[in-house]
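**Q** Model the structure of this input:
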Amino acid sequence: MHPIVFKALIFIAQIHATPWDEAPTPPPPAPKPNRPMSFSDLQKGLRDYNSGENNDTAFRNGILILMACTALLALFIHLRQRKKNAGPPDSLALLGMDLGGLVRFPFGARVMLWWVARTNRVPFASLLLSSTLFDKAIAAWAAAPTFAVARQWGKSRLDRLRPLLFEAA
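**A** This next block holds a predicted model:
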């Protein structure tokens, strides 16, 4: 093939060449006229979102995540300030939790002892410190007829707890 013919064919091929595997790019959307947003625009947007025509949930999810992070940060700051400005602990419930943490309770005995304290309207810490109050409260609690099976099981657990509390020291 002659070089001039070859150059002419390449030139014609370049002029008329369109890539077969590339789709033509769509023209950019026409700019919307600048006008204030109306209530009907908001209604249309909500209708589109509820009907599924608009599937852009990234903004909504971003706002929800931002709100959750803000709430967690506020909770963290609140708890930090409350702990920082706390006075001396003077709660019987906290004393009971601290004393209960020093004792290794048999399985279920802690819950049963909380139940005994609540039923007899006695502080939990007092049951851990006084053996006579412990015995009287358990006897009164075990004599109640409701939930008799649970009370029997709990009484056996609390009987196993008594030597751990009072006779070990």
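
**Q** Show me how far the lowest-mean-pLDDT helix or strand in the chain is from its chain's centre.
**A** Counting by mean pLDDT, DSSP states H and E, the chain has its least confident helix or strand at helix 3-15, which shows a mean of 76. When C-alpha coordinates are averaged (Cα atoms, centre = their mean, to the nearest Å), helix 3-15 and its chain have centres 70 Å apart.

**Q** Only C-alpha atoms, please: export the helix or strand following that helix in PDB.
**A** Downstream of helix 3-15, the next assigned helix or strand under DSSP states H and E is helix 39-51. The C-alpha atoms that make up helix 39-51 are tabulated as PDB, following Å, rounded to 0.1, in the frame of the first residue of the first chain:
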ATOM      1  CA  PHE A  39     -44.400  24.600  50.500                       C
ATOM      2  CA  SER A  40     -45.500  22.700  47.400                       C
ATOM      3  CA  ASP A  41     -41.800  22.000  46.700                       C
ATOM      4  CA  LEU A  42     -41.400  20.500  50.100                       C
ATOM      5  CA  GLN A  43     -44.500  18.400  49.600                       C
ATOM      6  CA  LYS A  44     -43.300  17.100  46.300                       C
ATOM      7  CA  GLY A  45     -39.900  16.200  47.800                       C
ATOM      8  CA  LEU A  46     -41.500  14.300  50.700                       C
ATOM      9  CA  ARG A  47     -43.900  12.600  48.200                       C
ATOM     10  CA  ASP A  48     -40.900  11.600  46.000                       C
ATOM     11  CA  TYR A  49     -39.000  10.200  49.000                       C
ATOM     12  CA  ASN A  50     -42.000   8.300  50.400                       C
ATOM     13  CA  SER A  51     -42.900   6.800  47.000                       C
END
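
**Q** Beyond helix 39-51, next helix or strand please.
**A** Scanning forward in sequence from helix 39-51 by DSSP H and E, the next helix or strand is helix 58-84.

**Q** low pLDDT regions in the chain?
**A** Counting by pLDDT under 70, the chain contains low-confidence residues at 1, 14-24, 55-56, 59, 89, 168-169.

**Q** list the contacts for the nearest residue to Leu92 once chain neighbours are set aside?
**A** By the measure of Cβ to Cβ, 6 or more residues apart in numbering, the closest residue to Leu92 outside its immediate chain neighbours is Pro123, 4.2 Å from it. Just so you know, the C-beta spots here come from the backbone N, C-alpha and C atoms, and that holds for glycine as well. Remark: with contacts taken as Cβ atoms under 8 Å, 6 or more residues apart in numbering, Pro123 is in contact with Leu92, Ala93, Leu95, Gly96, Ala117.
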